[in-house]
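I need the structure of the sequence given here:
(4 chains, ligands or ions: 4)
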Number of protein chains: 2
Amino acid sequence: MKIGELSKATGTNIETIRYYERIGLLPAPLRTNANYRSYGDAHRTRLSFVRHSRDLGFTIEEIRSLLDLSDHPDRDCGDADRIASAHLEQVEAKIDQLSALRDELTRIVGRCRGGLAGDCRVIEALGDHGQCSRAH
Amino acid sequence: MKIGELSKATGTNIETIRYYERIGLLPAPLRTNANYRSYGDAHRTRLSFVRHSRDLGFTIEEIRSLLDLSDHPDRDCGDADRIASAHLEQVEAKIDQLSALRDELTRIVGRCRGGLAGDCRVIEALGDHGQCSRAH
DNA sequence: TATGCACCCTGTAGCAACTACAGGGTCAAG
DNA sequence: CTTGACCCTGTAGTTGCTACAGGGTGCATA
Ligand SMILES: [Zn+2]
Ligand SMILES: [Zn+2]
Ligand SMILES: [Zn+2]
Ligand SMILES: [Zn+2]
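Ligands and ions are numbered 1, 2, ... in the order given. Below you'll find the model as predicted:
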């Protein structure tokens, strides 16, 4: 398949596919006479793995390690578990942080009663962390 | 105050302060004979506003608009309210998205029983979104 | 007086993970 | 035989900083 077809098959931008090849995340495919990239099923599978992992928030470097394990089925899978667990912890930490942000923002937004910027409690609250009820 | 003092007073990296000046978020301060930046209280207040807004997740462009309102107290504050409300919505959307991610990751991580990468359910699940229980 | 050290300056390049061209080549349909 | 959809390479832009390199300034100390 040509790059446009692979793009549609995996929901990945064409430029992104070429980018992944450039950084060595996807192997360079064969080329046609016209120098067009020509992909097979293995490429599609691998790109789907990458996209799904990215959708789950893994970084490129984490995905590189995961692909490496996937390429060596005889190795111990402990690293995969550790990468995924560490990532889960980061996601949980981010949720906590954003929840604190949401609480502060809700409180701040609720203070505006309309009127002039000079009297706006939203603008005032943005300049004064002392008004915040907890860390963020 | 010199840049190092402003840095300490606001908890902002020196390079970041110069960066804010370069992009026009902070006004260029006076200079000493030795060409050192010399800040006053107004600068500290403004930088605190910027840092606090960044900590709350506002983008630089949003902060630019908020500062603009703050600089014109006679204007209507409706824009400030709209920017803050829109941002709150984005934070809530991000929390929802990360929660979905957390659920999928928890499910995926729980599947690993150790052993060889070739048999690892984590690696398998990363390659197959069909195993996911909901969108993410 | 020299000299060491902390601090300041400008300008540029790097990070993550793409995205968007510019400027060209290829191919099938009408 | 030309139009339009597709493909190619290479480079630069995005966001919000951060990290130098290579230099100048100012104060205390030997
Ligand atoms: Zn208001
Ligand atoms: Zn606060
Ligand atoms: Zn496993
Ligand atoms: Zn999935």
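
which residues in chain A form strands?
A:30-31, A:37-38 (DSSP state E).

which residues are contacting the last one?
When you say that, I think you mean strand A:37-38. A:Met1, A:Lys2, A:Ile3, A:Ala28, A:Pro29, A:Leu30, A:Arg31, A:Thr32 (Cβ atoms under 8 Å, 6 or more residues apart in numbering or on different chains). For glycine as for every other residue, the C-beta is placed from the backbone atoms N, C-alpha and C.

What subset of the residues you listed is buried?
Among the contacts of strand A:37-38, those classed as buried by 16 or more other Cβ atoms under 10 Å in any protein chain shown are A:Met1, A:Ile3, A:Pro29.

Just give me the closest of those to DNA strand C.
DNA strand C has its nearest neighbour among the buried ones among the contacts of strand A:37-38 in A:Ile3, at 11.4 Å by Cβ to the nearest atom of the strand.

which residue sits closest to the closest one in space, ignoring its chain neighbours?
Among residues not flanking A:Ile3 along the chain, A:Arg37 sits closest, at 5.0 Å (Cβ to Cβ, 6 or more residues apart in numbering or on different chains).

from the contacts of strand A:37-38, which is closest to A:Asp119?
Using Cβ to Cβ, A:Ile3 comes nearest to A:Asp119 of the contacts of strand A:37-38, at 56.9 Å.

Show the contacting residues for the closest one.
By Cβ under 8 Å, 6+ apart, the contact set of A:Ile3 is A:Ile14, A:Ile17, A:Arg18, A:Tyr36, A:Arg37, A:Tyr39.

how about 10 Å then?
Counting by Cβ atoms under 10 Å, 6 or more residues apart in numbering or on different chains, A:Ile3 touches A:Thr12, A:Ile14, A:Glu15, A:Ile17, A:Arg18, A:Glu21, A:Pro29, A:Tyr36, A:Arg37, A:Ser38, A:Tyr39, A:His43.

how distant is the top helix by length along chain A from the center of its chain?
Counting residues, the longest helix found in chain A (DSSP state H) is helix A:78-109. Helix A:78-109 has its C-alpha centroid displaced from the chain centroid by 13 Å (Cα atoms, centre = their mean, to the nearest Å).
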